[in-house]
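Trainee: sequence? don't have it. structure:
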């Protein structure tokens with residue numbers, strides 16, 4: 001092969017590599033996703049076979065598009081890895097439960113509800129309250145709680161307690 005052909009081929013490969021990198025950098029925030037952390041977990045027995053759980057959490061949207069929530073679920077994961085979904089309380093119910101169950105303490109954040117939006121590159125602090133049909137002692141022996149957030153287009157994202 002000639003020297004001119006090798007130079008032209010090398011320049012072509014470099015140009016294509018620059019183009020691919022530019023496309024990847026431009027598309028970096030083009031997917032909708034969230035990540036976050038559980039800030040605080042509070043539990044209180046309602047009776048001997050049911051417990052209320054409040055999970056305060058912070059969610060961050062690293063993408064260039066807004067994240068709109070459709071549904072939020074609190075999930076209990078036991079030491080064996082079995083999962084149980086809680087019955088999520090609405091914002092109005094959460095306010096009443098906080099008034100009626102003082103052992104839960106103060107209500108710090110609003111509940112994450114349908115149509116709650118996390119702005120692009122933004123952060124939001126919310127809570128989810130759920131009722132689990134099991135004694136509080138079972139919940140205390142947990143592996144972790146998981147907050148599952150369904151995005152308006154159907155994608156599921158999970159934030160796990162550490």
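Mentor: Alright, I've got the coordinates. Being a predicted model, the structure only gives us computed values, none of them experimental.

Trainee: contacts, neighbours, all on C-alpha from now
Mentor: Fine.

Trainee: after the longest helix seen in the chain, next one along is what?
Mentor: The longest helix of the chain (DSSP state H) is helix 3-26. Sequence order places strand 35-47 as the next helix or strand after helix 3-26, per DSSP states H and E.

Trainee: what is residue 145 paired to in the beta sheet?
Mentor: residue 76 (DSSP bridges).

Trainee: what number of residues lie near it?
Mentor: Look at residue 145: counted by other Cα atoms under 10 Å, it has 23 neighbours.

Trainee: I'd say it and residue 75 touch.
Mentor: Yes - using Cα atoms under 8 Å, residue 145 is in contact with residue 75, at 5.6 Å.

Trainee: Show me the domain layout of the chain.
Mentor: If you go by automatic domain parsing, the domain ranges for the chain are 1-28, 35-160.

Trainee: Need the residues that contact stretch 82-102.
Mentor: Identification of contacts with stretch 82-102 by Cα atoms under 8 Å, 6 or more residues apart in numbering yields 44, 72-77, 104-107, 110-111, 113, 128-133.

Trainee: what's the model's confidence in that stretch, averaged?
Mentor: Averaged over stretch 82-102, pLDDT sits at 93.

Trainee: so how far is stretch 48-65 from its chain's centroid?
Mentor: Remark: stretch 48-65 is offset 7 Å from the chain centroid, using Cα atoms, centre = their mean, to the nearest Å.

Trainee: So which bits of that stretch are buried?
Mentor: Going by neighbour count (16 or more other Cα atoms under 10 Å), the buried part of stretch 48-65 is 51-65.

Trainee: do the same with stretch 99-116
Mentor: 104, 111-114, 116.

Trainee: same deal with stretch 119-135?
Mentor: Here stretch 119-135 shows 119-120, 122-135 as buried, counting by 16+ other Cα under 10 Å.

Trainee: if I pick residue 41, what's in contact with it?
Mentor: Taking Cα under 8 Å, 6+ apart as the test, what residue 41 contacts is 53-56.

Trainee: Mind putting those residues into TSV with distance to residue 162 and secondary structure?
Mentor: Below are the contacts of residue 41 laid out as TSV (distance: Cα to Cα, whole Å; DSSP: H, G, I helix; E, B strand; the rest coil):
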residue	distance to residue 162	secondary structure
53	16	strand
54	15	strand
55	12	strand
56	13	strand
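
Trainee: which one of the residues you listed is nearest residue 11?
Mentor: Nearest to residue 11 among the contacts of residue 41, counting by Cα to Cα, is residue 56 at 54.3 Å.

Trainee: from what I can see the closest one touches residue 110, true?
Mentor: No - using Cα under 8 Å, residue 56 makes no contact with residue 110, being 9.2 Å away.
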